[in-house]
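Participant: based on what follows, work out the 3D shape:
(2 chains)
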Amino acid sequence: DTEVTQTPKHLVMGMTNKKSLKCEQHMGHRAMYWYKQKAKKPPELMFVYSYEKLSINESVPSRFSPECPNSSLLNLHLHALQPEDSALYLCASSPGDSETQYFGPGTRLLVL
Amino acid sequence: DQQVKQNSPSLSVQEGRISILNCDYTNSMFDYFLWYKKYPAEGPTFLISISSIKDKNEDGRFTVFLNKSAKHLSLHIVPSQPGDSAVYFCAASGNTGNQFYFGTGTSLTVIP
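Facilitator: Numbers count the residues shown, from 1 in each chain, chains lettered A, B, ... in the order given. Got it, this is the predicted structure:
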C-alpha cells in the first residue's frame, strides 16, 4: 500500500456543525501532516505529527483540532468553522522528519 | 515572508518541446528540495527531489537542477506532453525539522 487516503472527498457543513476529516496511510511513515490549500495558492502547513506526537502547530485557530490515534491515522476535528475556512484540506505523510512528503487526494470543504 | 518563490505564475509550451520551471529560495539553510505536480481538486503528486550535495537529478523526462550559489532550482521536462499540463510547486526544507516551504506554483500548459 503506497498511498495516503482521505475521507470524505467532499464535505459541506454549516457554521454550527461538528465534523471530522480522516487520513490514513499504511506505509509505515512516522510523520503526518495537515495542510490547507486555497485556490491558486500553495499548501499552508497547519499541523505536524511526528511519532504520534504533535510537533508543529502553525498558529491554527482552535476550531481546528488534530488527533493522531495511532501511527497510521490522522484526524482533523472541525467545529464552528467560518466560511473563509472553505478550502482543500490535504493530508501528507513522510517516512521521517524532513523527508519527501506524500499527499492524499484532499477533502474539499465548503462552509456555509 | 515567502522563502520559496516561483516568479512565473504560468507557462505555455508546445508539445515535444522543453518546459523549464524555475524556483528561487532565500534561506541558505535549505538543503532538500522537491517538485510536486498538482491537478485541480487533487493532492500534490511528488515528482522529483534533490539534496544540496548534488546539482542535478534526473528521472525519465524530468530533470532538476540546483544552483546553490544562486539559490535557484529548475525543473526541466523533455519532451513535454499534454498530460504534463498542471500546476507545479517547488518545496524546500532545511535542518529545522518537518517543515517544507512551498512556492506559489507555476501553471504549465502543454499545447498539442
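Participant: going by C-alpha atoms from here, please, whenever you check contacts or count neighbours.
Facilitator: Will do.
Participant: whichever residue of chain B sits closest to chain A - nearest residue in space that isn't next to it in sequence?
Facilitator: Relative to chain A, the nearest point of chain B is B:G43 (4.2 Å; CA to the nearest CA). For B:G43, ignoring the flanking residues on the chain, the nearest one in space by CA to CA, 6 or more residues apart in numbering or on different chains is A:P105 at 4.2 Å.
Participant: returning to what we had before: what about the residue of chain B closest to chain A, distance to A:F103?
Facilitator: 6 Å (CA to CA, to the nearest Å).
Participant: what is in contact with these two at once?
Facilitator: A:L90 (CA atoms under 8 Å, 6 or more residues apart in numbering or on different chains).
Participant: about what we covered before: can you tell me the element the residue nearest to B:G43 falls in?
Facilitator: Secondary structure assignment for A:P105, by DSSP states H and E: no helix or strand.
Participant: I'd say it and B:E42 touch.
Facilitator: Yes - contact criterion CA atoms under 8 Å: A:P105 and B:E42 qualify, at 4.8 Å.
Participant: who has more neighbours out of the two?
Facilitator: Between A:P105 and B:E42, counting by other CA atoms under 10 Å in any protein chain shown, A:P105 is the more crowded of the two (24 against 17).
Participant: from B:F89, how far out is the spatially most central residue of chain A?
Facilitator: With the centre of chain A defined as its mean C-alpha position, the nearest residue by CA atoms, centre = their mean is A:W34, 3.2 Å away. For A:W34, the distance to B:F89 (CA to CA) stands at 17 Å.
Participant: burial count for the nearest residue to A:S93 once chain neighbours are set aside?
Facilitator: Among residues not flanking A:S93 along the chain, A:M32 sits closest, at 4.2 Å (CA to CA, 6+ apart). A:M32: 32 surrounding residues under other CA under 10 Å.
Participant: so for stretch A:27-39, mean pLDDT?
Facilitator: For stretch A:27-39, mean pLDDT rounds to 93.
Participant: contact partners of that stretch?
Facilitator: Taking CA under 8 Å, 6+ apart as the rule, stretch A:27-39 contacts A:1-3, A:43-52, A:71-72, A:74, A:76, A:86-97.
Participant: repeat that for stretch A:104-112.
Facilitator: A:3-15, A:21, A:23, A:81-92, B:41-44.
Participant: and it, what's buried?
Facilitator: A:104-111 (16 or more other CA atoms under 10 Å in any protein chain shown).
Participant: so where's the chain shaky on pLDDT?
Facilitator: Let's take chain A. Along chain A, segments meeting pLDDT under 70 span A:1-2.
Participant: looking at chain B here, not the other one
Facilitator: Those would be B:1, B:95-98, if you go by pLDDT under 70 across chain B.
Participant: give me the buried subset of the contacts of stretch A:104-112.
Facilitator: A:4-7, A:9, A:13, A:21, A:23, A:81, A:85-92, B:42-44.
Participant: tell me which residue in chain A sits closest to chain B.
Facilitator: A:P105 (4.2 Å).
Participant: quick one, phi psi at that residue?
Facilitator: phi -80, psi -20 (degrees, to the nearest 10).
Participant: measure it to B:E58 for me?
Facilitator: 26 Å.
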